[in-house]
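1. Need the 3D shape of this:
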Amino acid sequence: ARHVEVTMADGSVEVVENDALILATGSRVAELPGLSFDHTHILSSDDALQLDRVPQRLIIVGGGVIGCEMAFIYRAFGAQVTVVEGQDRLLPMPSMDADVSTLLQREMKKRRIACELGRTLKDVRVEDGVVRATLTASPFVDKPTPAQQKEVPVEADMVLVTVGRCPATEGLGLAEAGIGTDRRGWVVVDDALKTSLPEVYAIGDLLGPSRVMLAHVAAMEGLCVVESLCGKPRAMRYDAVPSGVFTSPEVGSVGLSEQQAREQGLDVRCVTFQMRELGKAQAMGELPGFFKLVAAADGGRLLGAHIVGAHASDLVAEAALGVANGLTLEQVAHTIHAHPTLAEGLYEAALLAQEA
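-> Here you go, the predicted model:
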């Protein structure tokens, strides 16, 4: 636990002694059976950032954050894009409000991005430089529709696989050192981010989806560990983590979705204010989107906020401050927001809730 072997640039190995160790090796792209990366026709998200040409036809397997972002990017470059998602909606994460998924699917349709929900690919093969496969019903949908069950042959120049991540732990010697992992290989830590070895900590993607796999979360986890090591213990909070999805339009989200809140048995009220009602959105020509606030029915404490539209990833910071500090809708509505701005959308949504 107190020693790490370091391979130097010249190939020599040195043993470095430490008082504390933070593991932060992150994650790497995950592969699907039958969709192994060849980095030419079957691509990972890493490959998609290094292409020297835009494919005429691109199939994206996975309608999560990366898949949706890449769909809008490559459609803007001129590719014909089809998104194949095994669940029944885009961005199928519990923390992402279903209304966000609905709007994003509508915006894809406007841009002629094909969206195949509740579907998956089978019999994927590369023939004469073309990827051929069959669209079929997804095993993740309980009751597929006749349209989803229909098997359809498809072709593309490239298939981009964006189905998740796996831990980047090769060569660390976790098992030999006695550091505990779960069945998928993610490092297990306690509330102080300590592993099963004394003074060995882990942060970031290495902790897996049971935490939150975002760069700014990893940075805050690192700060919490370092402050604790310096004698100022600070617990890492995951209940008010803002996330940004860089689609067109953007998505910003923090806290509970409406579905999460109701599944937890909370009595909530939700209010939505449309982006197009803002003067600045009109002036910018950025009309699609909304501000949705999820609050406790009793007292109006802000539990979650979901923003779609221009600069949503920036606007969500104010909502994160509100969720983290237990602010109420009344407090947001009584806070003066500059005009004309997009941030007024949060004020207007809170004001609507007060008037309801």
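
2. give me the number of residues near the residue nearest to residue 331 when sequence neighbours are not counted?
-> Leaving aside its chain neighbours, residue 331 sits nearest to residue 322 (7.7 Å; criterion: C-beta to C-beta, 6 or more residues apart in numbering). The way it works is simple: take the backbone N, C-alpha and C, and place the C-beta from them, glycine included. The local packing of residue 322 (other C-beta atoms under 10 Å) involves 27 other residues.

3. again with residue 342
-> Residue 342: 23 neighbours (other C-beta under 10 Å).

4. Next: the one 4 residues further on.
-> If you count neighbours by other C-beta under 10 Å, residue 346 ends up with 25.

5. low-confidence ranges in this structure?
-> 356 (pLDDT under 70).

6. mind giving me the domain split of it?
-> In the domain annotation for the chain, the residue ranges read 3-28+166-229, 31-161, 243-355 (automatic domain parsing).

7. element containing the residue nearest to residue 331, please.
-> helix 312-324 (DSSP states H and E).

8. Touching that helix from outside, list them.
-> 237, 239-246, 249-255, 289, 291, 293, 302-305, 307, 309, 327, 331-332, 342-343, 345-346 (C-beta atoms under 8 Å, 6 or more residues apart in numbering).

9. After it, which helix or strand is next?
-> Next element after helix 312-324 (DSSP H and E): helix 329-333.

10. Remind me what that next one packs against, helices and strands.
-> Here helix 329-333 touches helix 344-355, going by 3 or more C-beta pairs under 8 Å, 6 or more residues apart in numbering; DSSP states H and E.

11. just checking, what packs against the helix it packs on?
-> strand 268-274, strand 290-296, strand 302-309, helix 312-324, helix 329-333.

12. repeat that for 6 Å
-> strand 268-274, strand 290-296, helix 329-333 (3 or more C-beta pairs under 6 Å, 6 or more residues apart in numbering; DSSP states H and E).

13. Identify each buried residue in that helix, please.
-> In terms of neighbour count (16 or more other C-beta atoms under 10 Å), helix 344-355 has its buried residues at 344-353.

14. what about that helix, distance to the chain center?
-> Here the centre of helix 344-355 is set off from its chain's centre by 27 Å, with C-alpha atoms, centre = their mean, to the nearest Å.

15. Let me know the angle separating it from strand 302-309.
-> 130 degrees (axes from the mean of the first three to the mean of the last three C-alpha atoms, to 10 degrees).

16. And the contacts of helix 344-355?
-> Outside helix 344-355, the residues that touch it by C-beta atoms under 6 Å, 6 or more residues apart in numbering are 271, 273, 278, 291, 293, 318, 329, 332-333, 337.

17. Distance of residue 4 relative to residue 232?
-> Residue 4 sits at a distance of 25 Å from residue 232 (criterion: C-beta to C-beta, to the nearest Å).

18. ah, wrong one, I meant residue 149
-> From residue 149 to residue 232 the distance is 58 Å (C-beta to C-beta).

19. Mind checking which of those two has more residues around it?
-> residue 149 (12 against 9).

20. thought that one was touching residue 137?
-> Yes: counting by C-beta atoms under 6 Å, residue 149 does reach residue 137; the two are 4.6 Å apart.

21. Out of the domains of the chain, which is the most enclosed?
-> For the domains of the chain, the largest average neighbour count (mean count of other C-beta atoms under 10 Å) is found in domain 243-355, namely a mean of 19.

22. who's in contact with the top helix by length along the chain?
-> Secondary structure of the chain per DSSP state H: the longest helix is helix 215-229. Helix 215-229 is contacted from outside by 20, 22, 193, 201, 203-204, 234, 236, 241, using C-beta under 6 Å, 6+ apart.

23. May I have that helix as PDB, with CA atoms only?
-> What follows is helix 215-229, C-alpha atoms only, in PDB (Å, rounded to 0.1, in the frame of the first residue of the first chain):
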ATOM      1  CA  ALA A 215     -14.700  15.200 -15.200                       C
ATOM      2  CA  HIS A 216     -15.800  17.900 -12.800                       C
ATOM      3  CA  VAL A 217     -17.000  15.200 -10.400                       C
ATOM      4  CA  ALA A 218     -13.500  13.600 -10.400                       C
ATOM      5  CA  ALA A 219     -11.900  17.000  -9.800                       C
ATOM      6  CA  MET A 220     -14.100  17.600  -6.800                       C
ATOM      7  CA  GLU A 221     -13.500  14.100  -5.500                       C
ATOM      8  CA  GLY A 222      -9.800  14.800  -5.700                       C
ATOM      9  CA  LEU A 223     -10.200  18.000  -3.700                       C
ATOM     10  CA  CYS A 224     -12.200  16.200  -1.000                       C
ATOM     11  CA  VAL A 225      -9.500  13.600  -0.600                       C
ATOM     12  CA  VAL A 226      -6.700  16.200  -0.500                       C
ATOM     13  CA  GLU A 227      -8.500  18.400   2.000                       C
ATOM     14  CA  SER A 228      -9.100  15.300   4.200                       C
ATOM     15  CA  LEU A 229      -5.400  14.400   4.100                       C
END
